[in-house]
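# next come a sequence and a model predicted from it.
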Amino acid sequence: MREELEERGFVLCPGVISPPDLARLLEAVVSGLESPDEQARRKTYAIRHLLTVRPSLTGLLEAIGLDGIAAVALGAGVATVDATFFDKNAETNWKVPAHQDVVVPAAVADGTSHVFQRYGATYTEPSSEILGTLVAARIHFDDCAADNGALYVLPGSHRQKLRVSEIAAVDRGRFVACPACAGDVILMKPMLVHRSSPSQFPRHRRVLHVLYGLKDRR
């Protein structure tokens, strides 16, 4: 798994989250959506900063084995850095242009990177070296075929930051679809160029995107 991740920038881990654990995790994410602000953010397209607004998630992610998967991927002890819940559905069916995830919570940086406010929290754009020590785990709550807003990735594009113009110039035919089933986890490196299209037949495509870093950096 680690070799494939280092080579291609992503790897599918099929069926690693059981249906009961998926149900527990989903309940922990969406329970208590009572404030108008939180409801509005979810209706728009996402719930961000879940490790802050849902502190119980950290222990639950460890209990269901996601921390262990991330540790194998990075070859060292890991710590959760950030988590975002996406729910692409008939009411919020959006397109994500090709990009790299180079902006991350400031906690992963070495203190020398420029920090700024984003989505109400402190973020930074660290060096490629630091980004290379991170891995994201995308837990799928629903079956996600290519026509249901699946992730499309550019294999091998995770080794360095690219300019926006370089990403825009990539032939769409080079992207590879990453369909997944409920309970699957897709591991991906932050600098992997990726995109997604609106669902052709809009239905739930719920994903919990968890970012992990090395424990000794926290």
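Done, it's in.
# any idea how far Ala73 is from Thr58?
In this view, Ala73 and Thr58 are 18 Å apart by CB to CB, to the nearest Å. The way it works is simple: take the backbone N, C-alpha and C, and place the C-beta from them, glycine included.
# can you give me the helices in the protein?
Counting by DSSP state H, residue ranges of the helices within the chain are 2-8, 19-30, 36-44, 50-53, 56-63, 66-74, 128-131, 164-168.
# buried deepest among those, which one?
helix 66-74 (a mean of 20; mean count of other CB atoms under 10 Å).
# what's that one in contact with?
1-2, 5, 11, 13, 16-17, 61-62, 77-78, 80, 133, 135, 137, 139, 185, 187, 210, 212, 214 (CB atoms under 8 Å, 6 or more residues apart in numbering).
# put the buried members of these into a PyMOL selection.
To isolate the buried subset of these in PyMOL, counting by 16 or more other CB atoms under 10 Å, use the following:
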select buried, resi 5+11+13+16+17+61+78+80+133+135+137+139+185+187+210+212+214
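# pop out the phi and psi values for Ala169.
Note on Ala169: backbone dihedrals following degrees, to the nearest 10 are phi -80, psi -10.
# OK, contacts around it?
Per CB under 8 Å, 6+ apart, neighbours of Ala169: none.
# can you find the helix or strand of the chain with the lowest average pLDDT?
Here the helix or strand of the chain ranked lowest by mean pLDDT, DSSP states H and E is helix 36-44, holding a mean of 51.
# for Thr58, which non-adjacent residue is closest in space?
Nearest non-adjacent residue to Thr58, counting by CB to CB, 6 or more residues apart in numbering: Thr80, 5.4 Å away.
# give me the distance between the one you found and Ala145.
29 Å.
# in this structure, which ranges drop under the pLDDT threshold?
The model of the chain has pLDDT under 70 over residues 32-45, 89-94, 110-113, 202, 217-218.
# tell me where it has strands.
Along the chain, counting by DSSP state E, strands occupy 10-13, 46-47, 78-88, 96-99, 104-105, 115-118, 121-124, 135-140, 151-153, 176-178, 185-188, 194-196, 205-214.
# turn the ones you listed into JSON lines, columns for distance to Leu22.
Output for these, formatted as JSON lines (distance: least, CB to CB, whole Å):
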{"stretch": "strand 10-13", "distance to Leu22": "14"}
{"stretch": "strand 46-47", "distance to Leu22": "17"}
{"stretch": "strand 78-88", "distance to Leu22": "13"}
{"stretch": "strand 96-99", "distance to Leu22": "23"}
{"stretch": "strand 104-105", "distance to Leu22": "25"}
{"stretch": "strand 115-118", "distance to Leu22": "29"}
{"stretch": "strand 121-124", "distance to Leu22": "27"}
{"stretch": "strand 135-140", "distance to Leu22": "8"}
{"stretch": "strand 151-153", "distance to Leu22": "18"}
{"stretch": "strand 176-178", "distance to Leu22": "18"}
{"stretch": "strand 185-188", "distance to Leu22": "11"}
{"stretch": "strand 194-196", "distance to Leu22": "21"}
{"stretch": "strand 205-214", "distance to Leu22": "10"}
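# tell me which of those strands sits nearest to Leu162.
Closest to Leu162 of the strands of the chain, according to CB to CB: strand 96-99, at 9.4 Å.
# and Cys161, how many neighbours?
If you look again at residue 161, you'll see it is Lys, not Cys. By other CB atoms under 10 Å, 14 other residues sit near Lys161.
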